[in-house]
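Peer 1: Turn this into a model:
(one chain, ligands or ions: 1)
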Amino acid sequence: MSDAMNVLRLGVNIDHVATIRNARGGLHPDPVKAAKQAALAGADGITAHLREDRRHISDHDIKRLSREISLPLNLEMAATEEMLEIALRHVPNAACIVPEKRQELTTEGGLDVAGGKLHLEPYVLALKNKGIRVSLFIDPEEAQIRAAAEIGAAVIELHTGSYADITGHDHAGELARLQTGASLGQSLGLEIHAGHGLSFDNVVDIAAIPEVVELNIGHFLVGEAIFCGLETSIKRMRGLMDEGRGRVLGIKTA
Ligand code: PXP
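Peer 2: Sure, this is the predicted structure:
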């Protein structure tokens, strides 16, 4: 078993701290403070999605996150000219390209890389040329995974939303799709991340997919923090991720 398989990073998405702040239009709660607490609680990175409509994270948040946090910043963004200019200005460690629709409540479905190659290939290159690690948020579909490798992305983040939403027999099918996708992606030289809709109840099986090296989790962690605090919420998630990863390594956890 390679050392790489031991590693499972947690990227904490702080968008919904900003959602609560924006409900009153003031400064509290501060997503940058949450990012600092997440670092103390054991997060390996901070993720923030600057949406076109700025419904949660603001331009000023991105500026502060770039300057004030020590953890790597993963900027989620749509593949627009405006976002490219912002990413090139702040140079986050990573950029995760996501599809964005104005009316959606959250990111629904993955990016159509196979259908958008002409636009996405130079876009990815522009970010790469600035030293930004590019990830594409896609559904676990063979055509999308192959297209991501073809256009030169370093990373794919597999969309776990369908897996998180489905129960019963189909749940196993969705998990199998993610497992197959992760394995194909790695065979094509891609680094594999996963995220969306992950919670205490469903994270272990995803953490047990050996090719996955990073999970990005937000809504559940912030919601749970209302009941137990952000530190406890993150530490419990970290513990469950370790339990899943322990399965891969044949380690039993208490
Ligand atoms: N990964 C990506 C690419 C996302 O767009 C989101 C949602 O912003 C997440 C992970 C986190 O999803 P959730 O908030 O459901 O944990």
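
Peer 1: And stretch 220-236, what's buried?
Peer 2: Neighbour counts over stretch 220-236 (16 or more other C-beta atoms under 10 Å) mark Phe220, Leu221, Val222, Glu224, Ala225, Leu230, Ser233, Ile234, Arg236 as buried. In short, each C-beta sits where N, CA and C put it, glycine included.

Peer 1: how about the closest residue to Arg64 other than its chain neighbours, what does it touch?
Peer 2: Spatial nearest neighbour of Arg64, excluding adjacent residues (C-beta to C-beta, 6 or more residues apart in numbering): Val32 at 4.9 Å. Counting by C-beta atoms under 8 Å, 6 or more residues apart in numbering, Val32 touches Asp61, Arg64, Leu65, Glu68, Ile69.

Peer 1: pLDDT score assigned to Val32?
Peer 2: pLDDT recorded at Val32 is 98.

Peer 1: Show the backbone phi and psi for it.
Peer 2: Backbone torsions for Val32, taken as degrees, to the nearest 10, come to phi -70, psi -40.

Peer 1: When you filter the contacts of Val32 down to buried only, what's left?
Peer 2: Asp61, Leu65, Ile69.

Peer 1: can you tell me which residues contact the second one?
Peer 2: Put plainly, it is Leu65. By C-beta under 8 Å, 6+ apart, the contact set of Leu65 is Pro31, Val32, Ala35, Ile46, Ala48, Leu73.

Peer 1: what helix or strand is it on?
Peer 2: Secondary structure assignment for Leu65, by DSSP states H and E: helix 59-68.

Peer 1: What of Leu120?
Peer 2: Going by DSSP H and E, Leu120 is in helix 117-128.

Peer 1: list the buried ones in that helix?
Peer 2: Leu120, Glu121, Tyr123, Val124, Leu127.

Peer 1: Determine the next helix or strand in the C-terminal direction from it.
Peer 2: Downstream of helix 117-128, the first helix or strand assigned by DSSP H and E is strand 133-138.
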